[in-house]
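Engineer: Return a 3D structure for these sequence lines:
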Amino acid sequence: MRVYTTSFLLFILRLASAAPTPAPFFGINLAVGQSSDSAPVLVPQTDITSQLVRPALFARAVYCSSPVIKRWACGEPCKALGNNIQILAAGGDDKRVPNFFVAYDKEQDTVVVAHQGTEPKNFLSDLNDLNIDQVRANTTVLPNAGADVRMHDGFLETQERTSDLVLSTVQSALKSTGSKKVLVVGHSLGAAIASIDGMMLKMKLDPRIAVTTTVFGLPRVGNKAWADLVDRTLGASFTHVTNQDDPVPRVPPQFLNFQHPSNEIHITSVDHSGKTATAELCPGQENRECARGNSFLASSITNHRGPYFANISMANKFCPL
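Structural biologist: Model prediction:
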């Protein structure tokens, strides 16, 4: 069922009046850094299970309130990840600072950073309230960003409110645990914050630390120079998952000089149980066979919530504790 909101239609009307090579992902060369019309490639279910389900579970769990996250007592979202999760920091006011946490996943020997998104039904109107202007990247946060890199002001400001705590907690966790791996996840607005966090951590941590960034329902965060910088810096360790007719990955629009990085995985269908998703790897940036090719007239906010994989959906209602 297609869901349309007044705020979404107003948002579109306002926009209309506004004027080194990474390793192949899943063994497939995705033409990183290039626009592409190349045909997508089916993602095996085994790869979905091994590489995408656990990040999705963390992206769901961060919608739970900070008090229950700190106790790791958030009901099914916590149970699905197991008991070997040590929360190192958690916070957020669900307003100017979306909920977030930093944890140590003992099962995977990985430090995890997770950022909450906005309630999906409110995202498009919230995006309109944020400052959509593009600004230069903050080189304190992103020291390798050139003067040509321009980013969504609202997303950057939101990320900066937690960047110091995230960085210091991750650095401390890597030292105390001896882990060499970091996973950064988020959904919706949280995906935008997580994308910037992933870049910050890759630029500031020891280069021997493997930083993997996996995000869901990502809006466009910056211009083409930003997208190219993500491709160069994170390469195949960055993945953004789009779901069917979700409109959020198409905003802000390209005519306002916004561009997605490479490594999109596009879910084309989900079975009636929500447990099995068919997904495709999309070569290059902004592949027209994937989310970019969707029509705004066929948009579904329901698809933004999910389900993504293994019946995992992301919103406050899926983590009421």
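
Engineer: for this structure, which helix is longest?
Structural biologist: helix 153-177 (DSSP state H).

Engineer: Name the next helix or strand following that helix along the chain.
Structural biologist: strand 181-187 (DSSP states H and E).

Engineer: Please report how far residue 315 lies from residue 87.
Structural biologist: 21 Å (Cβ to Cβ, to the nearest Å). C-beta: built from backbone N, CA, C; applies to glycine.

Engineer: just residue 158 next, same as before
Structural biologist: From residue 158 to residue 87 the distance is 21 Å (Cβ to Cβ).

Engineer: neighbour count winner among those two?
Structural biologist: residue 158 (21 against 15; other Cβ atoms under 10 Å).

Engineer: per-residue confidence for the more buried one?
Structural biologist: You'll see residue 158 listed with a pLDDT of 93.

Engineer: Excluding sequence neighbours, find me the nearest residue to it.
Structural biologist: Closest residue in space to residue 158, ignoring its immediate chain neighbours: residue 193 at 5.9 Å, by Cβ to Cβ, 6 or more residues apart in numbering.

Engineer: who are the neighbours of the longest helix of the chain, in terms of helices and strands?
Structural biologist: Judged by 3 or more Cβ pairs under 8 Å, 6 or more residues apart in numbering; DSSP states H and E, helix 153-177 is in contact with strand 85-91, strand 100-105, strand 110-115, strand 134-136, helix 189-204.

Engineer: Could you give the number of residues near the residue nearest to residue 158?
Structural biologist: Using other Cβ under 10 Å: residue 193 sits among 31 other residues.

Engineer: quick revisit: so which of the helices and strands packed on helix 153-177 has the densest surroundings on average?
Structural biologist: With neighbours taken as mean count of other Cβ atoms under 10 Å, the helices and strands packed on helix 153-177 reach their highest mean count in strand 110-115, at a mean of 28.

Engineer: Packing partners of that one?
Structural biologist: helix 53-61, strand 100-105, helix 153-177, strand 181-187, helix 189-204.

Engineer: Tabulate these (JSON lines), appending distance to residue 286.
Structural biologist: Putting the helices and strands packed on strand 110-115 into JSON lines (distance: least, Cβ to Cβ, whole Å) gives the following:
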{"stretch": "helix 53-61", "distance to residue 286": "22"}
{"stretch": "strand 100-105", "distance to residue 286": "28"}
{"stretch": "helix 153-177", "distance to residue 286": "18"}
{"stretch": "strand 181-187", "distance to residue 286": "20"}
{"stretch": "helix 189-204", "distance to residue 286": "15"}
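
Engineer: so which of those comes closest to residue 275?
Structural biologist: Nearest of these to residue 275, taken as Cβ to Cβ: helix 53-61 at 10.7 Å.

Engineer: Quick check: what element follows that closest one along the chain?
Structural biologist: helix 66-70.

Engineer: now that following helix: how far from the chain's centre is it?
Structural biologist: Put simply, helix 66-70 sits 21 Å off its chain's centre (Cα atoms, centre = their mean, to the nearest Å).

Engineer: Check which element follows it along the chain.
Structural biologist: helix 76-79.

Engineer: and after the helix or strand of the chain with the lowest mean pLDDT, which helix or strand comes next?
Structural biologist: In the chain, no helix or strand scores lower on mean pLDDT, DSSP states H and E than helix 6-17, which sits at a mean of 37. Beyond helix 6-17 on the C-terminal side, the first helix or strand identified by DSSP H and E is strand 41-42.

Engineer: What is that following strand packed up against?
Structural biologist: strand 277-282.
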